[in-house]
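Participant: Quick check, what structure comes out for this input:
(one chain, ligands or ions: 1)
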Amino acid sequence: MHLEVSHLFKEFPTKHGTIRALDDINLHIETGEFVCAVGASGSGKSTLLRLIAGLERPTSGEISVDGARVIGPGSDRGMVFQRYTLYPWLSVAQNVEFGLKLQGLPRLERRERVRYYLDIVGLTRFARAHPKALSGGMKQRVAIARALACEPRVLLMDEPFGALDVQTKETMQQFLLSIWRRTGTTILTITHDIEEAVYLAQRIYVLSAQPGRVQREVHVQLPQDKTGLRPFSARGLPRFNDYREEIAGLLRGNSGALAV
Ligand SMILES: Nc1ncnc2c1ncn2[C@@H]1O[C@H](COP(=O)(O)OP(=O)(O)OP(=O)(O)O)[C@@H](O)[C@H]1O
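Facilitator: Residues are numbered from 1 along each chain as shown. So this is what the prediction gives:
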């Protein structure tokens, strides 16, 4: 898998003139990578993700997945949004199965995949429950299972834990890393949370605001535990703090205020 974004510009015409949300964005993601784009409010993070998802068209520039130009939504790109987007009238299992039905997968294969991905997100026991019976973190786990079940080439996440309380958020971050390790899924997450980006990502694109530009690409190198996962305790390391300070400094320099 190779996702390439080259010379991407996005402008929005408004009553008060044209807003340039993205200005010559260049980035790439390779198979199995976990990449974050981090930026302050207004740096065009959501716009970037929506363009990659094919929900909007660029003003100019190109996005391609394995050499095929993105011209609209496709099952090669899965999406998880900040707000829970589950269908309240469907059970957890039916929510996960929904996209598979759209893909026209045979019933038996659908069942298998639902079972597999509910197990991955630890919600097998809740297969028959309806979303209203779940906590915020559990709903987001269903949303992740639903996106993973379609086995996309890349999983796009828009501030996936932004609506969760601090403790649930930290649990979900650890959980996402373990899923990433277990499934080998390629992930692009956008966030304004610097600590989240440093903890999760192997590479971080730091975006400046208004217009959104790539200010720097940061390669994060932190120790791994025996299972190949970045332990939660890595957050206490001086090197973790160095990354955080570096990125905060970049965002501060640009906007005059911390984006955390
Ligand atoms: N549909 C639209 N019409 C007009 N302007 C838009 C539209 N969508 C986004 N913008 C503008 O583009 C810029 C980038 O917005 P975007 O939501 O992508 O930033 P963001 O980094 O995701 O911000 P936040 O973290 O606050 O969600 C902003 O100035 C925003 O007002």
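Participant: check which helix or strand covers the residue nearest to the spatial centre of the chain.
Facilitator: By C-alpha atoms, centre = their mean, the chain has its centre lying nearest to M157, at 2.1 Å. Take DSSP states H and E as the rule and M157 turns out to sit in strand 154-158.
Participant: how about the strands in the stretch 1-150 of the chain?
Facilitator: In the stretch 1-150 of the chain, the segments counted as strands under DSSP state E, counting those that start in this stretch are 2-14, 17-30, 34-39, 60-65, 68-69, 77-80.
Participant: okay if I get those strands as JSON lines plus distance to F161?
Facilitator: In this view, the C-beta of every residue, glycine as well, is placed from N, C-alpha and C. JSON lines is the format used below for the strands of the stretch 1-150 of the chain (distance: least, C-beta to C-beta, whole Å):
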{"stretch": "strand 2-14", "distance to F161": "22"}
{"stretch": "strand 17-30", "distance to F161": "20"}
{"stretch": "strand 34-39", "distance to F161": "12"}
{"stretch": "strand 60-65", "distance to F161": "25"}
{"stretch": "strand 68-69", "distance to F161": "30"}
{"stretch": "strand 77-80", "distance to F161": "10"}
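Participant: just to revisit the earlier point, run the angle between the strand holding M157 and strand 34-39 for me.
Facilitator: Counting by axes from the mean of the first three to the mean of the last three C-alpha atoms, to 10 degrees, strand 154-158 lies at 30 degrees to strand 34-39.
Participant: when you give positions from now on, start the count at 28
Facilitator: Okay, using 28 as the starting number, the last item reads as strand 181-185.
Participant: and strand 181-185, does that touch the ligand?
Facilitator: No - judged by C-beta under 6 Å from any ligand atom, strand 181-185 stays clear of the ligand, getting no closer than 8.0 Å.
Participant: now the angle from the helix or strand that that strand is followed by to strand 61-66?
Facilitator: Once the chain leaves strand 181-185, the next helix or strand it forms, by DSSP H and E, is helix 193-210. Interaxial angle of helix 193-210 relative to strand 61-66 (the same axes, to 10 degrees): 140 degrees.
Participant: For whichever helix or strand comes after helix 193-210, enumerate the helices and strands it packs against.
Facilitator: Sequence order places strand 213-218 as the next helix or strand after helix 193-210, per DSSP H and E. Where contact means 3 or more C-beta pairs under 8 Å, 6 or more residues apart in numbering; DSSP states H and E, strand 213-218 is packed against strand 44-57, strand 61-66, helix 72-80, strand 181-185, helix 221-227.
Participant: okay if I get those as JSON lines plus distance to G126?
Facilitator: Shown next, in JSON lines, are the helices and strands packed on strand 213-218 (distance: least, C-beta to C-beta, whole Å):
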{"stretch": "strand 44-57", "distance to G126": "22"}
{"stretch": "strand 61-66", "distance to G126": "22"}
{"stretch": "helix 72-80", "distance to G126": "14"}
{"stretch": "strand 181-185", "distance to G126": "13"}
{"stretch": "helix 221-227", "distance to G126": "24"}
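Participant: Packed most tightly, which of those would that be?
Facilitator: strand 61-66 (a mean of 26; mean count of other C-beta atoms under 10 Å).
Participant: Partner strands of that strand, with direction?
Facilitator: Strand 61-66 sits in its sheet next to strand 213-218 (parallel), strand 230-235 (parallel), going by DSSP bridges.
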